[in-house]
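Enquirer: okay, here's the prediction I keep looking at, along with the sequence it came from:
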Amino acid sequence: MKTISFWSKLLHFRVFALSLCGLLCVIGSIQAQTFQGRAGKIWLTDDNYLFVNFLNSGVLVIDNNIPEKPQKIGFIEIPGNVDMAVIGNTMYANSHRDLVTIDITDLENPKELSRNVGVFSHQPLGNENNQAIAWRSGADLNSLLNSMLRNIAQNGTMLGDNGLNFGLSGIDPNQIRTSVNQTSSASAGGGGGGKGGSMACFTIKDGYLYAVDATELHVFDLGEVSKPKKVGNRVRVGTGIETIFNHGEKLFIGSQLGMFIYDISNRVYPVREGRYQHTRSCDPVVVEGNYAYVTLHDGIDCGGGVNQLDVIDISNPKNPQKVRTFNMTNPHGLGVDKGTLFVCDGRDGLKVYSTKNPLQLNRNQLAHFPNIDTYDVIPDNKREILIMVGDDKITQYDYQNPKNVTPISELDLREEVKY
């Protein structure tokens, strides 16, 4: 294999897709006029391919069959992309306000199969007329990202769905170089599905794709895999909708003002069962057993001024009740598996807790990995490997023994990786 630089100089551009008000709620973080590229939404397939969104440009593909040695394969350019879901050889992704279905049987030749036009209601980023889906690698990818960042620098602002403008000045596109490991042939998928992180706007359940934008929940029938069909009634959830998480027959939808619970026993017609309301903050949610775990954090677009982990009793989904709050530094994504809770506490790193007694998490912290700015996680419950995205890195941890969680690999998305 060749040794090739990836994101090697992407050090002066920082965009957070953190509050995620619908599909496009962008936070520009201005820190002494310096910016750092930030990977966002993640999706893990059942056959161990990892897909990592880069805001408004597309999806990085990583072969994670050997988690100790993950390998970057390449990049699928999807204009206006913020989130995606993958099942088998098919990717479903937003491209601006459209839902695009892409055949990824041959990653070096991704094929657009269909496009549901204008189904999402967010404000698009960039040129909506640019709809080309393409495979990018090497110098071609370098050119693409230089062009993208130069356009952002010239335009000066990006508009989030909540109507706020975020300044993005001070970007020097000449300092950005990027390429990717190139292979003679590449494919991902095959059978089965996968899952996203807690920041996801897409989730798949029994042949149906559920997606949220700023205000609504959308249902797509995937019976004909290549042509998703929008079904059911219009489901207006509220405002400031951010994330979606499936647990059994329920959807848990995070918003800036609370958590909503929808019953999907009838897959086509979700029914709201309950709501937990909180102060205005950014709000992802995960669920295990009778408890939901919700992180609230402040920020430019989140308001509120709180940074905490809430534990919600959902034994009665029609009347969810907060039973405990734990102070955090700046929590973002989180994940839970078999009694172990993983919390991305922003700049304070990754924190691991036993949920044996959810009301005493503070007394049952199993591990703390500081000195990394964390964003989101996916627990791979088959292999008991935690996949964490943050600091422009993919960091993986072995949690077969929750009392001895161990880092096993780190893939820097900006620098040289040798295979």
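Expert: Yep, it's here. Source: prediction; values computed, not measured.
Enquirer: where does Asn404 fall, phi/psi-wise?
Expert: Note on Asn404: backbone dihedrals following degrees, to the nearest 10 are phi -140, psi 60.
Enquirer: check the gap between it and Leu366 for me.
Expert: 8 Å (Cβ to Cβ, to the nearest Å). Glycine gets a C-beta too; all of them are placed from N, C-alpha and C.
Enquirer: looking at these two, which is more packed in?
Expert: Leu366 (17 against 10; other Cβ atoms under 10 Å).
Enquirer: each with direction, which strands does the host helix or strand of the more buried one pair with?
Expert: For Leu366, the host element (DSSP states H and E) is strand 365-369. Its sheet considered, strand 365-369 pairs with strand 350-354 (antiparallel) by DSSP bridges.
Enquirer: kindly export the strand it pairs with (C-alpha atoms) in CSV.
Expert: Extracted C-alpha coordinates of strand 350-354, given in CSV (Å, rounded to 0.1, in the frame of the first residue of the first chain):
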residue,chain,number,x,y,z
LEU,A,350,-14.3,10.3,27.3
LYS,A,351,-15.9,9.1,30.5
VAL,A,352,-17.1,5.6,31.2
TYR,A,353,-19.7,4.7,33.9
SER,A,354,-21.5,1.6,35.2
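Enquirer: buried set for the strand holding Leu366?
Expert: Within strand 365-369, the residues that count as buried by 16 or more other Cβ atoms under 10 Å are Leu366, Ala367, Phe369.
Enquirer: what is the nearest of those to Gly197?
Expert: Nearest to Gly197 out of the buried residues of strand 365-369 is Phe369 (Cβ to Cβ; 17.2 Å).
Enquirer: that closest one is in contact with Cys344, isn't it?
Expert: No: counting by Cβ atoms under 8 Å, Phe369 stays clear of Cys344, with 10.3 Å between them.
Enquirer: and for these two, which residues touch both?
Expert: Common contacts of Phe369 and Cys344 (Cβ atoms under 8 Å, 6 or more residues apart in numbering): Leu350.
Enquirer: now for the residue nearest to Asp412 when sequence neighbours are not counted, how many residues are close by?
Expert: Here the nearest residue to Asp412 in space, its sequence neighbours aside, is Lys393; by Cβ to Cβ, 6 or more residues apart in numbering that works out to 5.2 Å. As a burial measure, Lys393 scores 21 neighbours (other Cβ under 10 Å).
Enquirer: now Asn116: closest residue in space that isn't a chain neighbour?
Expert: Leu99 (4.1 Å).
Enquirer: state the distance from the one you found to Tyr208.
Expert: Leu99 sits 13 Å away from Tyr208, going by Cβ to Cβ.
Enquirer: of the two, who's got more company?
Expert: Set Leu99 next to Tyr208 and count neighbours by other Cβ under 10 Å: Leu99 wins out with 23 against 19.
Enquirer: right, and Ile204 touches Gly88 too?
Expert: No: the pair Ile204 / Gly88 is not scored as a contact, 10.6 Å apart, by Cβ under 8 Å.
Enquirer: anything in contact with each of those two?
Expert: With Cβ under 8 Å, 6+ apart as the test, Ile204 and Gly88 both reach Gly193.
Enquirer: show me what contacts Lys338?
Expert: Residues in contact with Lys338, defined by Cβ under 8 Å, 6+ apart, are Asn381.
Enquirer: please begin residue numbering at 9 from this point
Expert: Renumbered: residue one is now 9, and that last one reads Lys346.
Enquirer: what's the spacing between it and Leu304?
Expert: Taken as Cβ to Cβ, the span from Lys346 to Leu304 is 25 Å.
Enquirer: from the chain's centroid, how far away is stretch 235-242?
Expert: Relative to the centre of its chain, stretch 235-242 is centred 23 Å away, using Cα atoms, centre = their mean, to the nearest Å.
Enquirer: run through who's touching it.
Expert: Outside of stretch 235-242, the residues within contact range by Cβ under 8 Å, 6+ apart are 100, 107, 109, 121-122, 124, 127, 217, 224, 226-231, 276-278.
Enquirer: list the buried residues of it.
Expert: Buried positions in stretch 235-242, judged by neighbour count with 16+ other Cβ under 10 Å: Pro236, Gly240.
Enquirer: and it, C-alpha only, in CSV?
Expert: What follows is stretch 235-242, C-alpha atoms only, in CSV (Å, rounded to 0.1, in the frame of the first residue of the first chain):
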residue,chain,number,x,y,z
LYS,A,235,-36.3,3.9,-4.4
PRO,A,236,-37.4,5.0,-0.9
LYS,A,237,-41.0,5.9,-0.7
LYS,A,238,-42.1,8.6,1.7
VAL,A,239,-45.1,7.2,3.6
GLY,A,240,-47.5,8.1,6.4
ASN,A,241,-48.8,11.4,7.5
ARG,A,242,-46.9,14.6,8.2
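Enquirer: bridging residues for Tyr57?
Expert: Following DSSP bridges, Tyr57 is listed with bridge partners Asp71.
Enquirer: an error on my part: the question was meant for Lys213.
Expert: Under DSSP bridges, the beta-bridge partners of Lys213 are Tyr216.
Enquirer: thought it was touching Ser273?
Expert: No: here Lys213 does not reach Ser273: they are 11.1 Å apart, not a contact under Cβ under 8 Å.
Enquirer: next, Pro366: phi, psi?
Expert: According to degrees, to the nearest 10, Pro366 has phi -60, psi -20.
Enquirer: what is the burial count for it?
Expert: Counted by other Cβ under 10 Å, the residues lying close to Pro366 total 22.
Enquirer: quick one: residues contacting it.
Expert: Counted by Cβ under 8 Å, 6+ apart, Pro366 has contacts Tyr299, Tyr301, Val319, Val331, Arg332.
Enquirer: the strands in the stretch 59-208 of the chain, which residues?
Expert: Per DSSP state E, counting those that start in this stretch, the stretch 59-208 of the chain carries strands over the ranges 66-71, 79-85, 92-95, 98-103, 106-111, 119-124, 142-144, 165-167, 173-175, 202-204.
Enquirer: reformat the ones you listed as TSV; add mean pLDDT.
Expert: Formatted as TSV, the strands of the stretch 59-208 of the chain follow (pLDDT from 0 to 100):
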stretch	mean pLDDT
strand 66-71	92
strand 79-85	89
strand 92-95	96
strand 98-103	96
strand 106-111	96
strand 119-124	96
strand 142-144	45
strand 165-167	31
strand 173-175	23
strand 202-204	93
